[in-house]
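[1] Okay, here's the prediction I keep looking at, along with the sequence it came from:
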Amino acid sequence: MSIFKLVWNVHKYVGLVLAVIVAMVSVTGLLLLVKKDFDALQPPTQRGEAGEPADFIPVAEVLEAAYAVGHPAFASLDDIDRIDLRPHRRVHKVRSVHDHMEIQVCAVTGAVLSGPGPRRSDLIESIHDGSFFGDRAHGWVMPATAVGLLVLTVSGIWVWIAPVLKRRRRRAAAARAAQDAALGH
């Protein structure tokens, strides 16, 4: 089997295996790029009351506001994944570890501005990075996919350039043969 045929087969079969994963990563990546443009993907960031950082309430009060909503995804500290601060909008985004839920709390007054609402973008991100499918997918399949894409790139370049180089060698050999024939060799 020639090197060209071997590279062609590697390119073909690696491409077939990775096609579904690459399609999934492409679609979810596109959705993540536009997540702030569609409220169905991620709740729009609200705007809190005017105030300076010195006026911001402590984190304990942010948590109390989230607990006071009475939603089961925000019942205790164990339910909280993170609290993100958007200082320019004066909003805390309190994110639950359950069902990709979010509550937005004013950083100045402690009033609940929105939520609880779904953050579908978090689900999409977990599909995008493979963690939705478990630790093996995230830790092994996705890195192997990255290596596979590198193999596809290199083999694709080879499959494209090898025939070009072969044609050039043939033309050069034909030109040399014609020149030798013209000189009487």
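    Yep, that arrived.

[2] Torsion angles phi and psi at S76?
    S76 has phi and psi values of phi -150, psi 170 when expressed as degrees, to the nearest 10.

[3] Next up, the contacts around the residue lying closest to it once chain neighbours are set aside.
    Once flanking residues are discounted, S76 sits nearest to Y67: 7.6 Å by CB to CB, 6 or more residues apart in numbering. Bear in mind the C-beta positions are built from the backbone N, C-alpha and C, glycine included. Y67 sits next to 74-76 when contact means CB atoms under 8 Å, 6 or more residues apart in numbering.

[4] switch the cut-off to 10 Å
    Counting by CB atoms under 10 Å, 6 or more residues apart in numbering, Y67 touches 74-77, 79-80, 94, 103.

[5] Out of those residues, which sit inside strands?
    If you go by DSSP state E, the contacts of Y67 have 80, 94, 103 in strands.

[6] May I ask which helix or strand encompasses the residue nearest to S76?
    helix 59-68 (DSSP states H and E).

[7] Do you have the strands of this structure handy? List them.
    80-86, 91-96, 101-106, 112-118.

[8] Now distance to A177 and mean neighbour count too, for those, in a markdown table please.
    Formatted as a markdown table, these follow (distance: least, CB to CB, whole Å; neighbours: other CB atoms under 10 Å):
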| stretch | distance to A177 | mean neighbour count |
| --- | --- | --- |
| strand 80-86 | 72 | 15 |
| strand 91-96 | 73 | 24 |
| strand 101-106 | 74 | 25 |
| strand 112-118 | 72 | 19 |
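
[9] per-domain residue ranges of this protein.
    3-32+127-183, 43-118 (automatic domain parsing).

[10] how long is the first one from one end to the other?
    Terminal residues of domain 3-32+127-183 are spaced 36 Å apart (CA to CA, to the nearest Å).

[11] and what of the shortest one?
    By CA to CA, the extent of domain 43-118 from end to end equals 7 Å.

[12] got a pLDDT number for W8?
    The model reports W8 with a pLDDT of 83.

[13] Not including adjacent chain positions, what is the nearest residue to it?
    V159 (5.5 Å).

[14] Could you do R86 as well?
    The nearest residue in space to R86 (CB to CB, 6+ apart) is T45, at 5.8 Å.

[15] Let me see the contact set for the one you found.
    Neighbouring residues of T45 by CB under 10 Å, 6+ apart: 36, 84, 86, 88-89, 91, 93, 102, 104, 113-114.

[16] could those go into TSV alongside distance to P163?
    Converted to TSV, the contacts of T45 look like this (distance: CB to CB, whole Å):
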residue	distance to P163
K36	45
D84	53
R86	54
H88	55
R89	56
V91	58
K93	54
E102	54
Q104	58
L113	61
S114	59
